[in-house]
Structures are given as structure tokens and as C-alpha cells.
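Undergrad: Sequence below, structure please.
(2 chains)
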Protein chains: 2
Amino acid sequence: MKIENIDVSSYPNSEKIYKQGTLFPEIRVGMRRINLYPTVEIVDGKRIEHPNDPVVVYDTSGPYTDPDIDIDINKGLPRDRMQWKLDRGDTVELPEITSRYGRERLADRSLDKLRFPIQHKPRVAKEGCRVTQMHYARKGIITPEMEYVAIRENLNNEVLGIDSYITPELVRKEVAEGRAVIASNINHPEAEPMIIGSKFSVKLNTNIGNSALSSGIEEEVAKAVWSCYWGGDTLMDLSTGDNIHETREWIVRNCCVPVGTVPIYQALEKVNGDVSKLTWEIYRDTLIEQCEQGVDYFTIHAGVLKAHADLVGKRLTGCVSRGGSIMTQWCVIHNQESFLYTHFDEICEILNKYDVAVSLGDGMRPGSIHDANDRAQFLELDVLGELTEKAWEHDVQVLIEGPGHVPMNKIPANMDRQKKACHEAPFYTLGPLTTDIAPAYDHITSAIGAAIIGSLGTSMICYVTPKEHLSLPTLEDVREGVITYKIAAHAADLCKGFPGAQVRDDALSKARYDFRWKDQFNLSLDPEKAKRFYLESRRNAPDSDDKFCTMCGPNFCAMRISQNIADACEK
Amino acid sequence: MKIENIDVSSYPNSEKIYKQGTLFPEIRVGMRRINLYPTVEIVDGKRIEHPNDPVVVYDTSGPYTDPDIDIDINKGLPRDRMQWKLDRGDTVELPEITSRYGRERLADRSLDKLRFPIQHKPRVAKEGCRVTQMHYARKGIITPEMEYVAIRENLNNEVLGIDSYITPELVRKEVAEGRAVIASNINHPEAEPMIIGSKFSVKLNTNIGNSALSSGIEEEVAKAVWSCYWGGDTLMDLSTGDNIHETREWIVRNCCVPVGTVPIYQALEKVNGDVSKLTWEIYRDTLIEQCEQGVDYFTIHAGVLKAHADLVGKRLTGCVSRGGSIMTQWCVIHNQESFLYTHFDEICEILNKYDVAVSLGDGMRPGSIHDANDRAQFLELDVLGELTEKAWEHDVQVLIEGPGHVPMNKIPANMDRQKKACHEAPFYTLGPLTTDIAPAYDHITSAIGAAIIGSLGTSMICYVTPKEHLSLPTLEDVREGVITYKIAAHAADLCKGFPGAQVRDDALSKARYDFRWKDQFNLSLDPEKAKRFYLESRRNAPDSDDKFCTMCGPNFCAMRISQNIADACEK
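TA: Purely as a prediction, here's the structure:
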């Protein structure tokens, strides 16, 4: 099996730039600089050009948009950042992978044709060591990862004329106190460090992954690259179909953002979908298998308890979380407490050996407006708070997952309760969808909720594509979902007054006012589509200096008239 | 010229129903009833069917979805409601149209081929009479229009087991006190009455209209019908291209929702786009021309004053309102106060003779995040408040137009100031867009703002299509814009706790939980698209009883598992 490179041509008029570290000069943080055309003024028939400052934007596309890096999906991305882990001297390389399942798969020659061609030996913490960013942070250590994300959050300081507002020390403090997470498995050095926390820019997660009904490895890798290209900050591989192990290996090796999974999905596949056969041992082996592959965070529905099972039937839409419904069913079948809950300490002791963050799943998230903020949801949230403290005892970084379907008036209560119950661990919500009546448009019903909850302090929002509730998303759906959520995240950043965010809005608006059409496209979240729409009803190319568009035509362009007014008032 | 009917097939499994009036038994208010399939339960191998209540939804599609009414675009819609106006005995029929321009167009035989085939003689108030809904309301009179909208706002009372929450008397009171508007020109009996006010469901306006660069009459009529079909509550014809007069006649005669215009656009076309040549006389003639055609509300930028002109140049994006920029330029050129402001009393005395509402335009709405809530914007808002009181003295109904581009944190101040400055006259906002960085997705950037400001009390939101800032919208863009704004309006209604709104969400969610796929599609805002997306990656038709979709596949359907849990817990 050989996978063709995914075509992601560079953003127009953009350059990949790198900012160097100060504490760690070997750090190079990639960013995208959008270069702008000058504003042209004609004075007494003479053309005067006023240069416009370039705009630097947060860049999740990694090596894919660096012309100096050769991409080969079959080799995976560069692993330079492994040196940071080695330098700390607290890990060892294992001679081979250790999970039972991983070894079975490796021994199965029939899988050779599917397998990622290169095997990296996994690393693990030395006996007695914890290798999480939280561990270092609590010891007062600023890691390269911390300086990296601090640099990454500071955009356009020069234009704003301000100092770094996010310092490595602030990052360390937020991670130490659990208010922020840097998910960075020591076995995933392909990923560029990023930070999830309410003091930082709002991040967005995308979900990909096959199901039993569709989609192969090549398609999922393409979606992963595509997601990074358009702006996904993290990526969850939610595969539930064939060859989950091999699919994930391809994705992780080629993914420049942190990768998350829901290990219970694969555990269930291992027992052929028979919930009753799930055991702690199978689950534990799955965790180790995925830790060694380099997954950066696990969604674990450890807050779903046996005692809550009877609440499921009282709801309009029951339990809509796959992991939550599986664990509830397991509790009911065995009449036992969830093994995720009873073994939570052991789970944490595995996770802190690789620095895998735990994303505490909201198994009882409401699946309809009707069920929002109900007893089942909030009871679980309290359990998540208890588990948060437990994870922190093990120096494991924690995210808290949130809803779901919530009407606008009930959104603030979600944020308030989460903050309180979960001791300000970062909130990571799916939407929420603000109405149930628009399947095929749920990227929009949920972007409304995501923008609102993001503005209230949610640290990461999980995208929803137009295919939600209906079908698996295609590449185009991934793009639509990512851009929609970039909008929600950015609207929230503006609302929070996050420094640097408005620089891009202002530059785009100035370009619009100047009729610098190309700059308007290039500064937008989706230059290709903006340009395509403009050209659709257009005779001239955007190189034209037309001071109007087809919406208003030449006589009715308010912007052109405004410029005449401003000129007249000046005279 | 003969225009083909626009194909709007009925919504699946929906019936047009009519509710009769009580005060006025001749009133028949059209609604759409979505009939649902039963919930099927298998008990001991036997199939038991539990019926599901049908859901009644607000219906803006008028005769277009009534199989008993023959549609012929070349004849226009039925005009039965003219009888209500006649019964009041306060109007007279004019022997012919009276505007100078209208008569010139009528005399021009070269236009015959473009002209709408039927000429209706216009009506006007008798000397000394005012025929506005506000006038009647203040006199304590409940009109058929008022009972009509009251019935229309009460949806699913039976299902909820509640009495009418919107009574004709509440409508009368809100209209009398200026907090709600029923825009219903006596010369537009084709329109079904609807109400705009914060105590009622949030409405959405769509904009269509040609520009000098594109689009003919047939296309604009198609957009108008399409807008009504998908759910537009009112429609603005913003044509600035050729044959504005004739285009509008076709639209008004075939439009079952209130039609608005910005008369200054046509006035400017009459002077070939030369702002300096605009005069009060030309504008006045344009008002009469359009009043006689049946336009239901006029956007009038009377709050743009000479004194504010120099603020335009201080902004990042100047003045982005076409009407506002035209009037500002006129003030600067002539160094005179705006004729819209100085002649505002005369304007009101024209409007109250036909019951045309005034929508006070926000000529200084911000065109960028940077300019939001600035001095220019709020100074104008104060002037709009002064004009509101003046219009009310003439019994003219008033809407207040609002922004624009506003970051989320600055939205509440807009609503608060508008309420206070404009004495609770209904607010009618364009979005607002919550970021500038997503051309081609501005339906989404603005739906976020629209949902928020709608939830805070804005009565009507003006849609934005994906083509905003780039190009004239196509039919598909109109559909995308309308559905997006239906989402925003409905999310706001849910947030406000508007009775009846959640019935549809609950029914759809129950259908989802029951795997009644067809009901899920039929209850959605866009059944065709939801079904198409579902089928895209599907082997079976939705008639199948598959208890999963391709997103999760058979083993991972949380809803199916939930049902098993509920069953197990019951036993």
C-alpha cells in the first residue's frame, strides 16, 4: 500500500515563517504570514503606494505548507521534536511494542499490505517517572513545549506594539494548576505543541474516522491532512470500522496536530461489538497499544455510573454518546460499577508514563433540546469533577467534555457548573447545537452555541459538519465544518478581547474598503471559495481595479461613495 | 413576456390547513401541518403502533403550497383580503396611478413587453383619513389583520394544552404602543398579514433585487417565490438595475409576504446615478409610485445628517449603507440638511394614507468589527429615536434598522441603546456579523450575531447569504440564507421560551430516537437536503427500518443502545 500525497497547495500570497525560541533557541514555531498589496492613492494624477503590514496567523498546517519540507505520506512527518523528550532523560525506548493486540497485528502478515511502512520503537517513562507537562509544570520547570505554545499564541505583537502577552511562565502556571492542557504524547513528536485553556485562543477539534459501512485508510489520512490544512487544532480519530490499529498508525505518523481517540470504540471492536464481553484487561491493553502509537488524548467515559443507568430511559433521546451508552449498557448487563471508574487510578498511572491527557467524556450529554441541563447530565458532571482531582493527583492533564444540544438560554449554566464542579479544568464542548430542527445544517445550529460557549470560557470546541446525524463527512464536509468552527472560535476570541485576534479583521476590512480584492480573499479563512464566489458573476478577473462588486453595481457602492465623502470633507 | 410558474413542490407529508377567525369568521390563516408516522413497538413479536401528534409550523409559502389554488405568475396571487380594506370605508379607488414617473412608464409602449399583464387601480385613504394599523389600534379597534396575526402566532396550543397565548387584544396593544408592526399596504392584499415585535416569534427578512450588472425580472420573481417557500417572512426588493418599476410590479403581485424597498435607490436611478441631482420632488414621486404599487415598508435613511458627514472619514470602512452613503454625499455636495430629515413629516403624511411602515435605515451601521458601536452609529440611533416619535405622531408604524458588523461582546449594548433611544420600536438588524474574516461564509458569521440579538429582543433579522460582499445571490444562495436565518430565529425563539417553538424540536428528536428517518427529514427546515445527505452514503432507501446511520454504523449507534438500556432497566 502506498498513499499519494494529499494536494494542499499553499495559501495564496502566504509565507511560512518560523519564530525562534529564547529559552530554547532550537525551537522554531511555524506561522503563516499573509503578505498584502499596498493601498494605492492617486494624488494629482500620480500613483502613491502606501504599504500594508503583513498579517501573521495561527498555522495548524505544519510541514504541509512548508515548501522546504518534502512530504511523503508513506514516511510520515519529521520527528525532530523527539530530541526534547530525549533531553529530559526520563524515558526509555522499548525494544518492541508491548500491547498484546499490537503484537498480534504486527505478527499478522496478511496486514503487511495495509501497514504503515516504518516502525518506530515506542518510548515510555522510566520506572517511577512521570513525564507529563503537568508534572514538569508543577515542579516549576518550563519545557520547550511550553515555550513553543507561548510563542505560538503571540500573534502580531509588533503590529499592535505590545509585548508578549502570553509568556512561557504563564503557560507553566496554567498547566500546573490544571487550567490548561498541552497534549503531547512522547510517542507523537510529529505533532506541533499547542495549548488548550481559557486564557488562550479558542481551539477547535475535528472528528474523522471510518465506520463499518464506509471509508478506507487513504480517505481518512486525506481527511486528517485536510483538517490540519484548513485549521483544525486537534484531531480525533473515531474509527469504528475495519483495521482501526493500522488506520490510526497512518494518521498519527502524518498528523501535525495532537490526535485523540475514544479507546472504548476499539475495545468493543475487539470483542466483535458484544458489549457484555468488554473487560478491563482488553481495555487496558487498548490503552497501552494506543499510548505506544502516540495518541495524545483519550476520551474516557469514566463518569458514567451504574447508578445513572435508569436515568437514560427517562430522557427524550436517551444517551447519545456512543462511549456513554456502551458503558451504561455494560453496567446494566453485569450489574457492576463501570470498570473505567473503578480502575481510574490505574488508567492515570498508564497515561502519565506517555503524557496522554484524559478527556473526561460526557456520556450523558443531552442529545436534544428537551434533555439539556437535566439531572443525568449534571450528576455526571459532578463525577467528572471528582475524577479531575484524581487525575491531577497522578499529574495527568485533564479536559472535560461538554454538550451537545442546548438552547441558548441554558448555555451559561453549563459553563458555570463545569467551572465549579471541575475546578476550572478546560472545557471542550461539541457545539452545542442550539436547535434540533435543522439536520443538514447542524454545523450552523452548533456554531451559534460554540461561539457563545467559547466566549464564556470554553477552551476547545469540537466541530460539527453538515453531515451530523445523517452520514459520515466527506472531505468537503470536513472543510465546511472546520471553517465554520474557525468562525465560531474567532468570534469568541474577539469577544474575549484576545490580543492579536482583531488584527486580521481590521486588515481584511481595510482591504475591502480599499477594493484590494485579492487581499480580501487572501486574508479570509477560505481564500479559494471567496475568490470563486466573487468570480461567479464576474466579467473581470480580481486583478481588475473595479471599485464595486456585482452585488451593488457601479452606482451603488457605499464604500466608493464613502471615499468620495471623506475626500470632500477633507478638502 | 410570460413567466413560467416557479416549481415549489409541496413539503413532504405536509398539509396546508387553515384556521378560522373568531372575531372575523372570514379569516383563514394558512399553516402547514406535518403529519408523522407512528412509533412502532414490537412486544412479544407483535407490532404495536403508537400514533404521533402532527406538528403545525408557521407557513410563509402562502398559496404556493395550497393545491387548491391555481398559480399563474402572470395573473398574480388572489386579492381576497382587499375586502377588509373596503369594509373599513376609509379609502377610495383612484382612477389611475398618480405618480409622474409611474404614468411615464405606463405611457411608454416599448415597456409593454416587460409589464405585468394586469393593472390594478390603486387605493388611497380618503381625505383626512389615516389607514394605518397603528391608527386603528390606538382607537381601540381590532382589525382582521390583528386577529389574523394573533392566530398565526399561536402554534401547537392543543399539543401543549395551553390557551391562546397571543390574543388579538395583545396584538392591538403592541401595535398601538409602537412595539409591534403589521406592515400591510392597502394596495398589497396579496400579502398575508404578519407581525414584527419582540413579544412575537422572531421574523426574518430576505433581500433580493437586480443590480446594473445582472439579473432579469424572471429571475427576481423566482427568488421572491423561493424566499417565501423556504420561510422568508418579509422580502426586500433592492433592485438598482434596469426596469425597477416593472420588476417590482411583478414581485409585489406574486408575493405573499410584505415587501419592502429602499426608495432612494430608484430615485437615484431616475437621475442616472448622479447624487447631486437628487431632489425631494423626485423622491416624493417615488414614494407615491411605490405606495400605489403596494410596497409595505420603506427603508428611509432620514437619520443621516449633514453634521455626521465628517465622521464617515474617521472610520475604517466609512459608510457601508448604500442609502446612508448616498444621503451623506448629497448633504456634502449641497451643504444642506438631508431632505429626508427636513421633509420627514410630509413623508409620514404620505405613508399613513396607504399604511406603509417606515423602516428607519441605519445609514451609519458599522461595516467592520473595528467600527462597531462607534460615535457615528450611536449618534444616528438617537436621531432615529426622535424620528420614531415623529412618525408615531402621524400614526405611522416604525421599524428601526440595526447593524451590521459587531463583535459578540458589543451586541447587548446595541439592543439596550436601541430600546431606550427608540422607545421600544421593533429592532430589525442585518446579522450582525461577528467577525470580518470569512467572506463566502457570512451567512454563518452573521447567524451567530442574529441568534444572539434575536434572543435579546430584536424582532426581525435580515438574512445574509454566502455571497455577501462578493456577488449577487443565486436561488441556491437565497435558500441557504433563509434556512440559516430560520435557524437563528428559531434558536432565539427557544431562548426566549416562546410557546410552541420547542414542539418541533421535540418531535424531530423523538423521530430521531425512534429511527423514523422520514419524519426526521420532514420535520426539518430543509427536508430535501437532509434526505439527500442521508442517502449520499447509503445503500438503502430511508424507508428501511435501519436503526443506525453511516456515521456510526450498526455497532455504535448510541440511540439504539440507549433503547436497549431503557428496556433492560424497565424489566
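Undergrad: all contacts plus neighbour counts: C-alpha atoms, from now on.
TA: Will do.
Undergrad: Number of residues surrounding residue A:410?
TA: Neighbour count of residue A:410, defined by other Cα atoms under 10 Å in any protein chain shown: 15.
Undergrad: Tell me the spacing between the closest residue to it other than its chain neighbours and chain B.
TA: Spatial nearest neighbour of residue A:410, chain neighbours left out: residue A:373 (7.1 Å); criterion: Cα to Cα, 6 or more residues apart in numbering or on different chains. Going from residue A:373 to chain B by Cα to the nearest Cα, to the nearest Å gives 14 Å.
Undergrad: How about residues contacting the worst-scoring helix or strand of chain A on mean pLDDT?
TA: Every helix and strand in chain A was compared by mean pLDDT, DSSP states H and E; the lowest is helix A:558-570, with a mean of 79. The contact list for helix A:558-570 (Cα atoms under 8 Å, 6 or more residues apart in numbering or on different chains) reads A:513, A:547-548, B:309-310, B:312-313, B:317-326, B:328-329, B:332.
Undergrad: Go again with 10 Å.
TA: Identification of contacts with helix A:558-570 by Cα atoms under 10 Å, 6 or more residues apart in numbering or on different chains yields A:512-515, A:547-548, A:552, A:554-555, A:571, B:275, B:309-315, B:317-326, B:328-333, B:363, B:367.
Undergrad: Am I right that residue A:510 is in contact with residue A:53?
TA: No - with contact defined as Cα atoms under 10 Å, residue A:510 does not reach residue A:53; the gap is 11.4 Å.
Undergrad: got the contact list for residue A:197?
TA: A:171, A:174-175, A:178-182, A:203, A:399, A:424-428, A:457-460.
Undergrad: cutoff 7 Å now
TA: Contact partners of residue A:197, counting by Cα atoms under 7 Å, 6 or more residues apart in numbering or on different chains, are A:179-181, A:426, A:459.
Undergrad: Show me what from the stretch 251-400 of chain A comes close to chain B.
TA: By Cα under 7 Å from any Cα of the partner chain, the residues of the stretch 251-400 of chain A that approach chain B are A:273, A:310, A:312-313, A:316-322, A:325, A:329, A:368-370.
Undergrad: Low-confidence bits of the stretch 351-500 of chain A, can you list those?
TA: Applying pLDDT under 70 to the stretch 351-500 of chain A flags no residue at all.
Undergrad: Help me confirm that residue A:29 is found in a strand?
TA: Yes - judged by DSSP: H, G, I helix; E, B strand; the rest coil, residue A:29 forms part of a strand.
Undergrad: Check the spacing between it and residue A:404 real quick.
TA: To residue A:404, residue A:29 is 34 Å away according to Cα to Cα, to the nearest Å.
Undergrad: cool, and residue A:334?
TA: Distance, residue A:334 to residue A:404, using Cα to Cα: 28 Å.
Undergrad: Could you check which of the two is surrounded by more residues?
TA: Taking neighbours as other Cα under 10 Å, residue A:334 and residue A:404 compare with residue A:404 leading, 27 against 12.
Undergrad: Test my guess that that one contacts residue A:362.
TA: No - using Cα atoms under 7 Å, residue A:404 is not in contact with residue A:362; the gap is 9.1 Å.
Undergrad: hang on, the earlier thing: give me the subset of the contacts of residue A:197 lying in strands.
TA: With DSSP state E as the criterion, strands contain A:180-181 from among those.
Undergrad: and the contacts of residue A:197 as JSON lines, adding neighbour count?
TA: Output for these, formatted as JSON lines (neighbours: other Cα atoms under 10 Å in any protein chain shown):
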{"residue": "A:179", "neighbour count": "24"}
{"residue": "A:180", "neighbour count": "27"}
{"residue": "A:181", "neighbour count": "27"}
{"residue": "A:426", "neighbour count": "27"}
{"residue": "A:459", "neighbour count": "29"}
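Undergrad: Could you save the contacts of residue A:197 as JSON lines and add columns showing distance to chain B?
TA: Listed next are the contacts of residue A:197 as JSON lines, based on distance: Cα to the nearest Cα, whole Å:
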{"residue": "A:179", "distance to chain B": "23"}
{"residue": "A:180", "distance to chain B": "24"}
{"residue": "A:181", "distance to chain B": "26"}
{"residue": "A:426", "distance to chain B": "21"}
{"residue": "A:459", "distance to chain B": "17"}
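Undergrad: how far away is residue A:556 from residue A:510?
TA: As defined by Cα to Cα, residue A:556 lies at a distance of 19 Å from residue A:510.
Undergrad: who in the stretch 451-571 of chain A is up against chain B?
TA: So far as Cα under 7 Å from any Cα goes, the stretch 451-571 of chain A lies against chain B at A:467, A:470-472, A:487, A:491, A:494-495, A:504-506, A:508-510, A:513, A:523-525, A:529-530, A:533-534, A:537, A:549-553, A:555-559, A:561-562, A:565-566, A:569.
Undergrad: ok, how many other residues are close to the residue nearest to residue A:134 when sequence neighbours are not counted?
TA: Closest residue to residue A:134 apart from its sequence neighbours, by Cα to Cα, 6+ apart: residue A:176 at 5.2 Å. Using other Cα under 10 Å, residue A:176 is surrounded by 23 other residues.
Undergrad: now do residue A:190
TA: The number of residues packed near residue A:190 is 25, by other Cα under 10 Å.
Undergrad: For the closest residue to it other than its chain neighbours, give me the backbone phi and psi.
TA: In space, residue A:190 comes closest to residue A:79 once its chain neighbours are excluded; the distance is 5.0 Å by Cα to Cα, 6+ apart. Per-residue torsions, residue A:79: phi -120, psi 30 (degrees, to the nearest 10).
Undergrad: ok, now residue A:488?
TA: The phi/psi pair for residue A:488 (degrees, to the nearest 10) reads phi -60, psi -40.
Undergrad: how close does residue A:387 get to chain B?
TA: 23 Å.
Undergrad: That residue is in what secondary structure piece?
TA: Per DSSP states H and E, residue A:387 falls inside helix A:375-393.
Undergrad: Tell me which strands the next helix or strand along the chain from that helix pairs with, and in which orientation.
TA: For helix A:375-393, the succeeding helix or strand toward the C-terminus, using DSSP H and E, is strand A:398-402. Its sheet considered, strand A:398-402 pairs with strand A:357-360 (parallel), strand A:427-430 (parallel) by DSSP bridges.
Undergrad: Contacts only, for the residue lying closest to residue A:488 once chain neighbours are set aside.
TA: Take residue A:488 and drop its neighbours on the chain: the residue closest to it by Cα to Cα, 6+ apart is residue A:451, 4.3 Å away. With contact set as Cα under 7 Å, 6+ apart, residue A:451 has these partners: A:488-489, A:491-492.
Undergrad: redo that, cut-off 8 Å
TA: Residues in contact with residue A:451 (Cα under 8 Å, 6+ apart) are A:488-489, A:491-492, B:448.
Undergrad: and it, that's in a helix?
TA: Yes - under three-state DSSP, residue A:451 falls within a helix.
Undergrad: Quickly check the contacts of residue A:451 for the two that are furthest apart.
TA: The most widely separated members of these, counting by Cα to Cα, are A:489 and B:448 (11.5 Å).
Undergrad: Looking at the two, which one has more neighbours?
TA: residue B:448 (34 against 27).
Undergrad: now the strands for the stretch 151-300 of chain A?
TA: A:180-181, A:196-197, A:203-208, A:234-237, A:259-261, A:297-300 (DSSP state E, counting those that start in this stretch).
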